[in-house]
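Novice: sequence unknown, structure follows:
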């Protein structure tokens, strides 16, 4: 690990000092295959006979400010050595990983890197959140003063933000269904371009680095692990986190999500081979684990969303021919479109990043609750509602929650408890390995009926009937709530029966599990009354 500015300045490439030098800045795009910026940079470097270096910044203070989960930070840290090895062996490019606590530090570090290493061009892929945009704009101005290019490419979406507008051509879609129709039509009549970077020949260069930098696989692992350990300590003391066993959470997340692009692509291949044909039916049954489980990889860019789409379309053609159709595959493709949709919405409504609701007037008229005890009961899985509690305890233990359960738990918090959706949104970000601002915000505002294309305020999920529909035999519930193992599913899925049997004199009164904290029917009427207020 480098300790001084000259520690890595021992190369013998003085003959190359006059060659152009370009830099790839990795962010949420930790892969080689179909990486738009990386491909463009390599193409330009080959044409200009330029040297190429790559950098990634570990930004713990920024992650903390953004409520990034420990398991996601760890996933990034586990991915970096794999990325570094692939870059070196396949493209002849050395990755430097540097500790820069905040985005402001990144700007200074990049400016210094360019000056010390005669870098004339930086390329990166766009990020669409507010702080990230501000960082990039400030960096662009700083670099422009020294006549250094900073080029960004659209890469996170299958179709870039602002590329789809309503038929009048002036506005972004506010409802998903017409967006999806145009999204599919656009892809049907055009071809997706995949990007493959080529190796850089004679790329003998080592960056002059600052302290807290690493370039070897061993040093990258050491620096990354150090940052994860410190981040774990800081997250453990955060609000509403004292109940977590973060060591166990990390262990489960590491087993469930092996790091690296190869692991992600293998997961995609396995899903298409084994599960995609039953996706539309089985995706809503959490005990089956029949979803793709690719979201954690997509979030940090270990796999390309375009690759996911093309592989799904290829599977459809193999099964049904060029003109064939398959509802299961279409349903999964629509999930990729939802991911695009929420990013398009974020770019169109940048105020969302500042805790604003999409439907501000609706949001403002609700007398949201901030009851700490109610929020804690929800976070710790002690609401007395079996499906909600099982989902929350599973999230706390693994860093992941099934999508159906995200809707059920979010709607319980925002409608049954009338707690401000922002508190739930934040807690999810702090725990989810696939935490992604655009999708998480979109999902929460959908459940709270304050967002684009949101659930009508009067359509409020009954968490007991949801349990009966999607966990009929109580398999998922009993997995995470072992204290309920002897209670028949017919009771678990009935609020009235749960209240009766858990109360004094009931058959299961001695079980250490709370009576439901609110009566759903009454809570539903209260929520509807709140949303009806003029």
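Specialist: Received, thanks. If you're wondering where the values come from, they're calculated on a predicted model, not measured in any experiment.

Novice: Within the helices and strands, which one has the nearest residue to residue 102 once chain neighbours are set aside?
Specialist: Once flanking residues are discounted, residue 102 sits nearest to residue 61: 4.7 Å by C-beta to C-beta, 6 or more residues apart in numbering. C-betas here are computed from N, CA, C, even on glycine. Assigned by DSSP states H and E, residue 61 falls within helix 60-65.

Novice: what does residue 57 give?
Specialist: Per DSSP H and E: strand 51-58 holds residue 57.

Novice: how distant is stretch 47-61 from the center of its chain?
Specialist: Taking C-alpha atoms, centre = their mean, to the nearest Å, one finds stretch 47-61 lying 23 Å from the centre of the chain it belongs to.

Novice: Quote the end-to-end distance of it.
Specialist: With C-alpha to C-alpha, to the nearest Å as the measure, stretch 47-61 spans 39 Å from end to end.

Novice: Confirm for me that the residue nearest to residue 102 is in contact with residue 104.
Specialist: No. Contact criterion C-beta atoms under 8 Å: residue 61 and residue 104 do not qualify, at 9.5 Å.

Novice: sec struct for the spatially closest residue to residue 35 that is not a sequence neighbour, please.
Specialist: The shortest distance from residue 35 to any non-neighbouring residue, by C-beta to C-beta, 6+ apart, is to residue 29 (5.5 Å). Of the three states, residue 29 takes coil under DSSP: H, G, I helix; E, B strand; the rest coil.

Novice: could you list every residue that touches residue 29?
Specialist: With contact set as C-beta atoms under 8 Å, 6 or more residues apart in numbering, residue 29 has these partners: 35, 37-38, 125, 155-156, 301.

Novice: where do the helices sit along the stretch 201-350 of the chain?
Specialist: 217-236, 246-256, 261-274, 279-282, 295-299, 305-320, 327-348 (DSSP state H, counting those that start in this stretch).

Novice: what's the first one packed up against?
Specialist: Spelled out, it's helix 217-236. strand 51-58, helix 60-65, helix 70-86, strand 95-99, strand 213-214, helix 246-256 (3 or more C-beta pairs under 8 Å, 6 or more residues apart in numbering; DSSP states H and E).

Novice: The ones you listed into CSV, with extra columns for mean neighbour count, mean pLDDT and distance to residue 349?
Specialist: Output for the helices and strands packed on helix 217-236, formatted as CSV (neighbours: other C-beta atoms under 10 Å; pLDDT from 0 to 100; distance: least, C-beta to C-beta, whole Å):
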stretch, mean neighbour count, mean pLDDT, distance to residue 349
strand 51-58, 24, 97, 28
helix 60-65, 17, 96, 21
helix 70-86, 23, 98, 24
strand 95-99, 24, 97, 33
strand 213-214, 26, 94, 38
helix 246-256, 16, 96, 32
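
Novice: Can you add distance to residue 233 and give those back as CSV?
Specialist: Shown next, in CSV, are the helices and strands packed on helix 217-236 (distance: least, C-beta to C-beta, whole Å):
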stretch, distance to residue 233
strand 51-58, 15
helix 60-65, 11
helix 70-86, 10
strand 95-99, 16
strand 213-214, 21
helix 246-256, 9
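
Novice: Residue 458: which of the ones you listed is closest?
Specialist: helix 70-86 (35.2 Å; C-beta to C-beta).

Novice: Run a quick neighbour tally on the nearest residue to residue 327 once chain neighbours are set aside.
Specialist: Once flanking residues are discounted, residue 327 sits nearest to residue 280: 5.1 Å by C-beta to C-beta, 6+ apart. Other residues lying near residue 280 total 16 when counted by other C-beta atoms under 10 Å.

Novice: wait, residue 280 sits on residue 333?
Specialist: No. Assessed by C-beta under 8 Å, residue 280 is found out of contact with residue 333, at 11.1 Å.

Novice: just to revisit the earlier point, next, give phi and psi for the residue nearest to residue 35.
Specialist: phi -150, psi 50 (degrees, to the nearest 10).

Novice: what's the spacing between it and residue 54?
Specialist: From residue 29 across to residue 54, the span is 11 Å (C-beta to C-beta, to the nearest Å).

Novice: what sits up against the strand or helix carrying residue 479?
Specialist: Using DSSP H and E, residue 479 sits within helix 475-480. Helix 475-480 is contacted from outside by 286-287, 381, 386-387, 389-391, 393-394, 397, 467, 471, 484-485, 489, 492, using C-beta under 8 Å, 6+ apart.

Novice: mind running it again at 6 Å?
Specialist: Around helix 475-480, the neighbours that count as contacts under C-beta atoms under 6 Å, 6 or more residues apart in numbering are 286-287, 386, 390, 393-394, 471, 484-485, 492.

Novice: for the protein, which spans come out with low pLDDT?
Specialist: 1-17, 238-240, 288, 290, 320-324, 534 (pLDDT under 70).

Novice: Please report the separation between the first and final residues of stretch 513-521.
Specialist: Per C-alpha to C-alpha, stretch 513-521 runs 21 Å from first to last residue.

Novice: meant to ask about stretch 285-300
Specialist: 26 Å.

Novice: Buried residues, that stretch. List them.
Specialist: 285-288, 290-300 (16 or more other C-beta atoms under 10 Å).

Novice: One more: stretch 479-489?
Specialist: 480-481, 484, 487, 489.

Novice: if we can go back for a sec, which stretch among the helices of the stretch 201-350 of the chain approaches residue 147 most closely?
Specialist: Once the helices of the stretch 201-350 of the chain are compared by C-beta to C-beta, helix 327-348 is nearest, at 29.1 Å.

Novice: List the contacts of the closest one.
Specialist: For helix 327-348, using C-beta under 6 Å, 6+ apart, the contacting residues are 128, 157-159, 161, 172, 176, 179-180, 183, 276-277, 279-280, 305, 308-309, 312, 316, 352, 438-439, 442, 452.
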